[in-house]
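# Okay, structure incoming, though there's no sequence with it:
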């Protein structure tokens with residue numbers, strides 16, 4: 001990944017992700033000339049690292065990356081961030097557009113594109129984001145384990161990876177993203193299992209017990225995964 005270029009005007013940070021060096025160069029020059037601070041990444045893994053380290057205000061993302069599909073990058077970002085994502089892609093199939101938007105992208109621009117249109121969409125995305133909640137952190141570290149929301153991994157303090165099932169990860173991710181706050185049982189069930197769920201609280205008891213066995217130093221006396229009786233659960237960390 002190249003070093004960031006500092007814009008002279010408003011300094012809004014834009015992460016541009018594309019594996020075409022000519023497009024990266026052209027966008028970097030144009031956006032810098034319009035006062036943006038530009039970060040660039042040529043693949044999905046570099047994009048997630050740049051987003052975690054550089055905290056961009058908006059992401060411009062190509063879907064056809066060499067290592068990850070662009071929708072996977074969006075999903076990785078949405079694990080911890082609400083940063084606006086504008087997809088910039090040569091794919092014109094509506095299925096690709098729907099997949100990207102369903103993954104959490106905010107807008108979709110088809111190549112070839114006009115610079116004035118992209119600039120207008122950037123301004124709109126930044127305005128919308130200005131009234132939204134401030135992002136959390138990509139990596140949350142406790143005394144006993146670390147949760148990487150972008151990479152979707154958990155590691156113990158000694159570096160050993162903790163294997164979680166997709167359902168266990170879904171619960172932990174939601175709790176960690178709202179750390180210190182109560183997450184109601186109904187919300188957990190609907191977001192992890194689906195909108196048709198909401199009363200199956202025994203599912204939560206089973207999976208929280210499994211998570212505590214994997215993460216808590218003393219599972220019977222949890223200090224991270226806290227039960228709020230009759231209401232829901234809270235992550236303290």
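It's in. None of the values given here were measured: they were computed from a predicted structure.

# Tell me which helix or strand in the protein has the weakest average pLDDT.
helix 94-103 (a mean of 82; mean pLDDT, DSSP states H and E).

# Tell me the buried residues in the helix or strand following it?
Per DSSP states H and E, helix 94-103 leads on to strand 107-110 as the next helix or strand towards the C-terminus. Across strand 107-110, burial judged by 16 or more other Cβ atoms under 10 Å covers 107, 108, 109. Bear in mind the C-beta positions are built from the backbone N, C-alpha and C, glycine included.

# Pairing partners for strand 107-110, with directions?
Pairing partners of strand 107-110, with direction, according to DSSP bridges: strand 85-89 (parallel).

# from the chain's centre, how far out does the partner strand sit?
15 Å (Cα atoms, centre = their mean, to the nearest Å).

# residues making contact with that strand?
Strand 85-89 is contacted by residues 18, 58-64, 70, 74, 77, 96-97, 100, 104-111, 113, 118, 121-122, 125 when judged by Cβ atoms under 8 Å, 6 or more residues apart in numbering.

# now the strands for the chain?
For the chain, the strands defined by DSSP state E occupy 13-17, 37-41, 58-61, 85-89, 107-110, 139-141, 145-148, 153-156, 183-184, 225-228, 232-235.

# which stretches of the protein aren't confidently modelled?
1-10, 129-137 (pLDDT under 70).

# Could you list the domains of it?
Split into domains by automatic domain parsing, the chain comes to 13-129, 139-235.

# So which of the ones you listed is the most surrounded?
Greatest average neighbour count among the domains of the chain goes to domain 13-129 (a mean of 19), per mean count of other Cβ atoms under 10 Å.

# Might one say that residue 164 is in contact with residue 213?
No - if you go by Cβ atoms under 8 Å, residue 164 and residue 213 don't touch, sitting 11.4 Å apart.

# Let me see the ranges of the helices in the protein.
Using DSSP state H, the helices of the chain run over 21-33, 44-54, 70-78, 94-103, 115-129, 166-177, 185-192, 201-215.

# So which of the ones you listed is nearest residue 230?
helix 185-192 (8.5 Å; Cβ to Cβ).

# which secondary structure elements does that closest one contact?
Here helix 185-192 touches helix 166-177, helix 201-215, strand 232-235, going by 3 or more Cβ pairs under 8 Å, 6 or more residues apart in numbering; DSSP states H and E.

# quick one, what contacts the residue nearest to the spatial centre of the chain?
Geometric centre of the chain, nearest residue: residue 77, 1.9 Å, by Cα atoms, centre = their mean. With contact taken as Cβ under 8 Å, 6+ apart, residue 77 is in contact with 48, 51, 59, 83, 85, 104, 150.

# Kindly indicate which of those residues lies nearest residue 35.
residue 59 (17.7 Å).
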